[in-house]
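>>> Sharing a model that was predicted from the sequence below.
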Amino acid sequence: MKRIVLVRTQGPRNVGSVLRVALNFGPCELVLVRPEKPSILIHPDFVQMSHGVDGIENRVRVVDSMDEALAECTWSYGFTARSRDHRTVFDWRDLQGSLVERVQRPEEHVALVFGSEENGLTTDETRRLNELVKMPTSREHTSINLAMSVGIVLSTIFFADARSAESGGSTPLAGKDRRFLTERLKDVLGSCTTSALTTRPRG
């Protein structure tokens, strides 16, 4: 299970967009920690951006603290552009594989945490998180909209789940690993037996 946590969110439009993308690429829980506007879930901009979503009151939970937001979670990732407390901030491209694997484990309950649009996650907030992640961009514009960031993360997980289901949960070997396995099979079974492994069918 995965849980999106938005901390001190300012924009009702962003929250509405995140709610929709959570349904697009779910299942996914959505928790808000101390949103700037107490009325954020009935704000006209939120209503507009969450258009078409039924039962909003059962899909979004508002809490007062990070501890409440992370309750029952087994692991947490904080998405931030800034290093806090000299902690390592992993590049999203390097970490997404292990993140997807963790989310796919049925025993895991993973929190994906995003900070305020204005100043991100504070040092105190990141201390409660297991790993920090930075989403790289081009030099032309180094800031990503909150809802878009959530969409990138959730869609990555969603499409990885789809590929895993199509392949029966198996992961194809990379070229170098495939060649290594083929050579070892040749040693054990003989080159004649394994010739079918290296010969592509002609169509």
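Happy to help now that I have it. Numbers count the residues shown, from 1 in each chain.

>>> For stretch 64-74, buried residues please.
Applying a neighbour-count criterion of 16 or more other Cβ atoms under 10 Å, one finds Met66, Ala69, Leu70, Cys73 buried in stretch 64-74. Backbone N, C-alpha and C define where each C-beta goes, glycine included.

>>> Break down the chain into its strands, ranges please.
For the chain, the strands defined by DSSP state E occupy 2-7, 29-33, 60-63, 75-79, 89-91, 110-114, 131-134.

>>> Mind putting those into TSV with mean neighbour count, distance to Glu101 and mean pLDDT?
Listed next are those as TSV, based on neighbours: other Cβ atoms under 10 Å; distance: least, Cβ to Cβ, whole Å; pLDDT from 0 to 100:
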stretch	mean neighbour count	distance to Glu101	mean pLDDT
strand 2-7	24	13	97
strand 29-33	21	20	96
strand 60-63	18	26	95
strand 75-79	22	11	96
strand 89-91	15	14	94
strand 110-114	24	11	97
strand 131-134	20	13	95
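
>>> closest to Leu41 out of those strands?
strand 60-63 (6.2 Å; Cβ to Cβ).

>>> name the helices or strands packed onto that closest one?
Packing partners of strand 60-63 (3 or more Cβ pairs under 8 Å, 6 or more residues apart in numbering; DSSP states H and E): strand 29-33.
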